[in-house]
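J.: return a 3D structure for these sequence lines:
(chains A and B)
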Protein chains: 2
Amino acid sequence: MPHSKSVNRRIILSSRPVGVPTIDSFMLENFSVPAPSDGQVLLRTLYLSLDPYMRGRMSDVSSYAEPVAIGEVMVGGTVSRVEVSRHEDYHSGDLVLGYSGWQDYAISDGTNLTKLDDQAALHPSLALGVLGMPGFTAYMGLLDIGRPKAGETIVVAAASGAVGSMVGQIAKILKGCRVVGIAGGASKCQFVVEVLGFDACINRHSDDFPQQLAIACPKGIDVYFESVGGAVFEAVLPLLNVHARIPLCGQIAHYNDTGLPQGPDRLALLTRTILTKRIKMQGFIIYDDYGHRYGEFYQQMSAWLSEGRIKYREDIVDGLENAPEAFIGMLEGKNFGKLIIRIA
Amino acid sequence: MPHSKSVNRRIILSSRPVGVPTIDSFMLENFSVPAPSDGQVLLRTLYLSLDPYMRGRMSDVSSYAEPVAIGEVMVGGTVSRVEVSRHEDYHSGDLVLGYSGWQDYAISDGTNLTKLDDQAALHPSLALGVLGMPGFTAYMGLLDIGRPKAGETIVVAAASGAVGSMVGQIAKILKGCRVVGIAGGASKCQFVVEVLGFDACINRHSDDFPQQLAIACPKGIDVYFESVGGAVFEAVLPLLNVHARIPLCGQIAHYNDTGLPQGPDRLALLTRTILTKRIKMQGFIIYDDYGHRYGEFYQQMSAWLSEGRIKYREDIVDGLENAPEAFIGMLEGKNFGKLIIRIA
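T.: Numbers count the residues shown, from 1 in each chain, chains lettered A, B, ... in the order given. Below is the predicted model of the structure:
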C-alpha cells in the first residue's frame, strides 16, 4: 500500500496480549514525518526484522529487557536509508542498521546506528539475518557455549529459521559434526537437508517425532541449540550425552504461556539430568553478552557468504501494515526463513 | 562392638529401597578375612566415608555410575592400614586412601589406592573430607564452574556439611565474597557463622526461610552452589542475578523420590529463568570431571589447613555395624559435619 511521503506510519502496542497476541494488540497510527535537529538524521525504514523476542517485550513481566510501553512504537531492528542528515558522520543516501522499530521514519542522533559496508549494501536485508542478530546469535551460542568437537552430534531446534539454519551450517563448516535439525513440517525439513546440508531433519509434527529423533541421533546428542522449549526439549532431554552443552537463546513454545502447565512437576527431572549427565546449560542474550565480538563474527560470516559456503532463506512480507499478522504467524511457525518486512 | 580378627564383616545391599532406605535395605554378613596373592595387599579399614551419592548407587536407575548389585558390599571411600603386603609398592603399616567399601577388610592390587603423606597421616580421616572428595568437590565446583569474583554474593546449600562448609570458606579466602549459607537448624547455622566465618546462615526449617534468604542477599545471588534441590532451590531461584552460575554436585532432597511430584510443571520456569538471566547451570562429578586436578587441590588445601585458615567439623560414628543407621540419618540431615564411620 503506497502512502504519502509526509506521513509517518507507526505501529504501536495498543494492549498487552494475554496468551496469543491478536491483531488487536497493535494499532497503526499516522504522524507527521519528524524533522531532524542539529546532530540528528532522518531515517527512512527499508526493512524491518521480526523476531520472536519481540513477544517478550509486549509483556509486562520481568525479563532481560524493558517492556514496550502501551502506546509506544513496537521495537525492532531495521535497515534504513538516511533521508536528511544534520549529523557530520552521515550523508543522505547512507544505508544504516539501527533500531527504528515498526515505523516508516525515525530520528536518530547516531546512537546504535551502524553504516552498512559495501558488501552488506548489495543485499541490505542480510544485515537483519545472516550478518545480523540471528547469525551472530548462532555463531556465538554454538562456538562459545556449545563448543562442538569433530565427531559430535549437534541438534538444532527451529532448524529452518534465522538462527537454527546458521547453527547447523557453522557446525558443519568448522567441525564437520553430524547435524540434525528439528523443524515444523515436511517442506522445511526438506530445505534443511537439501539446501542447508544438514545430515537429517525431523518434523516435530510427526506422531513419532521423539522416536525419529532418537533414530537420527544413534550416538546421542552432544550439543543441543535451544530456542524452542516445550515438546521439542522434552524429546531431546533423554538423548543428551554425558557432558552435553545446551546454549539457550529462546523459548518460543512458551512465549504465549499464561501460567505454568499442569503437572507432574519436572523441574527436578531437569536438574537431575543436568547433574547425572554433567550437562552445561547456559542462557545468553547476544548483544548484551557478546556485543564486543560482533566484528569477529561479521568478518567470518562475510567471508563464508562471499565464498558461497553459507545458504540462507528470507521470508519477505511487503508492507508495514502487514507486520502484525506476519509476527503473529511467526509465533505459530508459519514463516519459512528469516522473516522481514519490506517497507520501502 | 569388638570382633574377631579372623572375621571380615561386610555390609551388603540386601534390597533396593523404594523411597527412604531403611535398615532392612542392608545386611551385615561375616566372611573369613581374605589372604592376598602375589601383587596384592590386605587392607584393614580404619575409616569409612558416608556420602549422599551412595543413595544413588542403591537404586537401579541410570545414573552416572553403575548401581551396587544386590548382595554386593556397599561402595564407599575408606582410609585403611596395610596389614599384609605382597605388593612391592606397599608395606605393612602404610596408610592408604581407597575404596574398600563398607567392610572391615579388603584385598587390593593397588588400583585406585593412594598412600597418605606425612601430613595426612597425622589426621587420616581428613583424607575423606577436607582433603578428599568433599573438599575437592567444593574447590573445583566453586572455582571452575562458579568462578566467584570479589564483591559477589555466594549462597551455599547444606552449609555445615562436608562440601558446603568448604565452599564458603574458599570463597572468603580467595575472593572475600559475601557468603550466605543455608543449613537445617539453629545450631548448624550458628556453627556456620561463628566457626566457619560465613557472613550469614539461614535455617531452612524457618517458616519464613525464603524471606530471610532474600534479606540476607540484598544484592541478589551470583553463585549458588547446589547440592540439595527441593525447597532450597526454589527459594534461591527468584534471587539469582543476571549471569549467575550454578555448580550442581548433588540433589539430596530428591534422592528418595519415587516419582515426579505433583504440578504445576515448573520445567519451563527454570529454563526461562536460565534464559532471561543468562544463567550457567552445570553438573559435575568430581573425580570423573576433574580427577587430573587433584594434585593442585591437595597442595592448596594442605597449605590452608597447616596455616589454620580452614575450619572443619567431623561427625564420627563408631562401629561398622552403625553405618546403615548413620547413613539413613544423613539423608535426613541428622549428621553435623562430615560423616565418618570409625571402624578400627
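J.: who's in contact with the closest residue to chain B within chain A?
T.: Closest residue of chain A to chain B, Cβ to the nearest Cβ: A:G263 (1.7 Å). Every C-beta, even on glycine, is put in place using the N, C-alpha and C of the backbone. Listed by Cβ atoms under 8 Å, 6 or more residues apart in numbering or on different chains, the contact set of A:G263 reads B:L260, B:P261, B:Q262, B:G263, B:P264, B:D265.
J.: switch the cut-off to 10 Å
T.: B:L260, B:P261, B:Q262, B:G263, B:P264, B:D265, B:R266 (Cβ atoms under 10 Å, 6 or more residues apart in numbering or on different chains).
J.: any idea which element the nearest residue to the third one once chain neighbours are set aside lies in?
T.: Just to be clear, that refers to B:Q262. Leaving out its chain neighbours, the residue that sits closest to B:Q262 by Cβ to Cβ, 6 or more residues apart in numbering or on different chains is A:G263, at 4.8 Å. Using DSSP states H and E, A:G263 is not contained in any helix or strand.
J.: please report the distance of A:G263 from B:Q251.
T.: To B:Q251, A:G263 is 19 Å away according to Cβ to Cβ, to the nearest Å.
J.: repeat for A:D208
T.: 32 Å.
J.: for the two, work out which one has more neighbours and name it.
T.: B:Q251 (24 against 10; other Cβ atoms under 10 Å in any protein chain shown).
J.: I figured the more buried one hits B:L331, correct?
T.: No - applying Cβ atoms under 10 Å, one finds B:Q251 not in contact with B:L331, separated by 11.8 Å.
J.: which residues are common contacts for those two?
T.: B:P52, B:R55.
J.: sorry, back to before: which of the contacts of A:G263 are buried?
T.: B:P261, B:D265, B:R266 (16 or more other Cβ atoms under 10 Å in any protein chain shown).
J.: from those residues, which has minimum pLDDT?
T.: Minimum pLDDT across these is recorded for B:P261, with 87.
J.: for that residue, what are its contacts?
T.: A:G263, A:P264, A:D265, A:R266, A:L267, A:A268, A:L269, B:G230, B:H254.
J.: against A:G250, how distant is it?
T.: 28 Å.
J.: again, but for A:D208
T.: From A:D208 to A:G250 the distance is 26 Å (Cβ to Cβ).
J.: distance-wise, check the residue nearest to A:T273 when sequence neighbours are not counted relative to A:R278.
T.: Nearest non-adjacent residue to A:T273, counting by Cβ to Cβ, 6+ apart: A:L237, 6.0 Å away. Per Cβ to Cβ, A:L237 is found 15 Å from A:R278.
J.: what's around A:V242, how many residues?
T.: Neighbours of A:V242 (other Cβ under 10 Å): 15.
J.: surely it is in a helix?
T.: No - read with DSSP: H, G, I helix; E, B strand; the rest coil, A:V242 is strand and lies in no helix.
J.: show me the contacts for it.
T.: So A:V242 contacts A:G220, A:D222, A:T276, A:K277, A:R278, A:I279, B:Y64, B:G283, B:I285, B:D288, B:D289 (Cβ under 10 Å, 6+ apart).
J.: check what pLDDT it gets.
T.: pLDDT at A:V242 comes out at 97.
J.: with A:A121 instead?
T.: 89.
J.: now the residue of chain A closest to chain B: phi and psi?
T.: phi -80, psi -170 (degrees, to the nearest 10).
J.: please apply the same query to A:F225.
T.: With angles defined as degrees, to the nearest 10, A:F225 sits at phi -90, psi 110.
J.: any idea how many residues pack against it?
T.: 33.
J.: that one against A:I145, yeah?
T.: Yes - between A:F225 and A:I145 there is a contact under Cβ under 10 Å: 9.0 Å.
J.: isn't there a helix covering A:A253?
T.: Yes - counting by three-state DSSP, A:A253 is located in a helix.
J.: and the residue nearest to A:G250 when sequence neighbours are not counted, what does it touch?
T.: Spatial nearest neighbour of A:G250, excluding adjacent residues (Cβ to Cβ, 6+ apart): A:S227 at 3.7 Å. Under the criterion of Cβ under 10 Å, 6+ apart, the neighbours of A:S227 are A:52, A:134, A:137-138, A:141, A:156-159, A:161-164, A:167, A:247-253, B:275.
J.: please repeat the previous calculation with a cut-off of 8 Å.
T.: Applying Cβ under 8 Å, 6+ apart, the residues contacting A:S227 are A:P52, A:A157, A:A158, A:G161, A:V163, A:G164, A:L248, A:C249, A:G250, A:Q251, A:I252.
J.: buried by neighbour count, from those residues: which ones?
T.: So, by 16+ other Cβ under 10 Å, the buried ones in those are A:P52, A:A157, A:A158, A:G161, A:V163, A:G164, A:L248, A:C249, A:G250, A:Q251, A:I252.
J.: closest to A:A303 out of the contacts of A:S227?
T.: Nearest to A:A303 out of the contacts of A:S227 is A:V163 (Cβ to Cβ; 19.7 Å).
J.: let me see the contact set for that closest one.
T.: A:P134, A:G135, A:T137, A:A138, A:G141, A:F225, A:S227, A:C249, A:G250.
J.: in three-state terms, label the third one for me.
T.: Judged by three-state DSSP, the three-state class of A:T137 is helix.
J.: close to chain B: what parts of the stretch 151-300 of chain A are there?
T.: Proximity of the stretch 151-300 of chain A to chain B (Cβ under 8 Å from any Cβ of the partner chain) is limited to residues A:226, A:229-230, A:233, A:242, A:248-251, A:254, A:257, A:259-272, A:274-285, A:288-289.
J.: what sits against the residue nearest to A:L260 when sequence neighbours are not counted?
T.: Leaving out its chain neighbours, the residue that sits closest to A:L260 by Cβ to Cβ, 6+ apart is B:P264, at 3.6 Å. B:P264 makes contact with A:G259, A:L260, A:P261, A:Q262, A:G263, A:D265, according to Cβ under 8 Å, 6+ apart.
J.: if we use 10 Å, what do you get?
T.: B:P264 touches A:G259, A:L260, A:P261, A:Q262, A:G263, A:P264, A:D265, A:L267, counting by Cβ under 10 Å, 6+ apart.
J.: how about JSON lines for the residues you listed, with distance to A:R204 added?
T.: Compiled in JSON lines, the contacts of B:P264 are given as follows (distance: Cβ to Cβ, whole Å):
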{"residue": "A:G259", "distance to A:R204": "23"}
{"residue": "A:L260", "distance to A:R204": "22"}
{"residue": "A:P261", "distance to A:R204": "18"}
{"residue": "A:Q262", "distance to A:R204": "21"}
{"residue": "A:G263", "distance to A:R204": "23"}
{"residue": "A:P264", "distance to A:R204": "22"}
{"residue": "A:D265", "distance to A:R204": "24"}
{"residue": "A:L267", "distance to A:R204": "23"}
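J.: what is the most widely separated pair among the residues you listed?
T.: A:G259 and A:P264 (16.0 Å).
J.: go ahead and confirm A:A253 touches A:A235.
T.: No - A:A253 is beyond contact range of A:A235, at 11.9 Å (criterion: Cβ under 10 Å).
J.: what is in contact with the two at once?
T.: A:A157, A:R204.
J.: which SS state does A:G181 fall under?
T.: A:G181 is classified as strand under three-state DSSP.
J.: ok, A:S92 next?
T.: coil.
J.: what's the separation between it and A:D118?
T.: Distance from A:S92 to A:D118, by Cβ to Cβ: 18 Å.
J.: same question for A:D51.
T.: A:D51 is 26 Å from A:D118, by Cβ to Cβ.
J.: A:D315 now?
T.: On the measure of Cβ to Cβ, A:D315 and A:D118 end up 26 Å apart.
J.: narrow the contacts of A:V242 to those that are buried.
T.: Counted by 16+ other Cβ under 10 Å, the contacts of A:V242 give A:G220, A:D222, A:T276, A:K277, A:R278, A:I279, B:Y64, B:G283, B:I285, B:D289 as buried.
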